[in-house]
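>>> Sequence below, structure please.
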Amino acid sequence: MPAQAITTAAAPAPVGPYNQAVLAGGWLYCSGQIPLDPDSGEMVGAGDVAAETEQVLKNLVAVLKEAG
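Residues are numbered from 1 along each chain as shown. As a prediction, this is how the structure comes out:
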């Protein structure tokens, strides 16, 4: 089974040369999630670790949902 890139508009687009996630060999590899709000394009939290972590997890959940 070839690797499949996973992308969703519900999470921020990658800021570098990588995918939000890659499905390969039955494993999902996720990368590069930052506390960026995909709707506004703004960073969330301004140094508040709890707020930043919450946004990162929201972004990760969106990618996981897209991957099924």
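
>>> Spatially, what comes nearest to T8 if we skip its sequence neighbours?
Among residues not flanking T8 along the chain, E66 sits closest, at 3.8 Å (C-beta to C-beta, 6 or more residues apart in numbering). To be clear about C-beta, it is placed using only N, CA and C from the backbone, and glycine gets the same treatment.

>>> T8 touches A62, doesn't it?
Yes - contact criterion C-beta atoms under 8 Å: T8 and A62 qualify, at 5.4 Å.

>>> give me the beta-bridge partners of Y29?
V22 (DSSP bridges).

>>> so how many other residues sit close to P2?
Residues lying near P2 (other C-beta atoms under 10 Å) number 6.

>>> Can you classify the residue nearest to T8 by secondary structure?
The local conformation at E66, judged by DSSP: H, G, I helix; E, B strand; the rest coil, is helix.

>>> how many neighbours does it have?
15.

>>> ditto for A13
12.

>>> Who are the contact partners of it?
Residues in contact with A13, defined by C-beta atoms under 8 Å, 6 or more residues apart in numbering, are T7, Q20, P38.

>>> So what does it have for phi and psi?
phi -70, psi 150 (degrees, to the nearest 10).

>>> can you check L60 too?
phi -60, psi -40.
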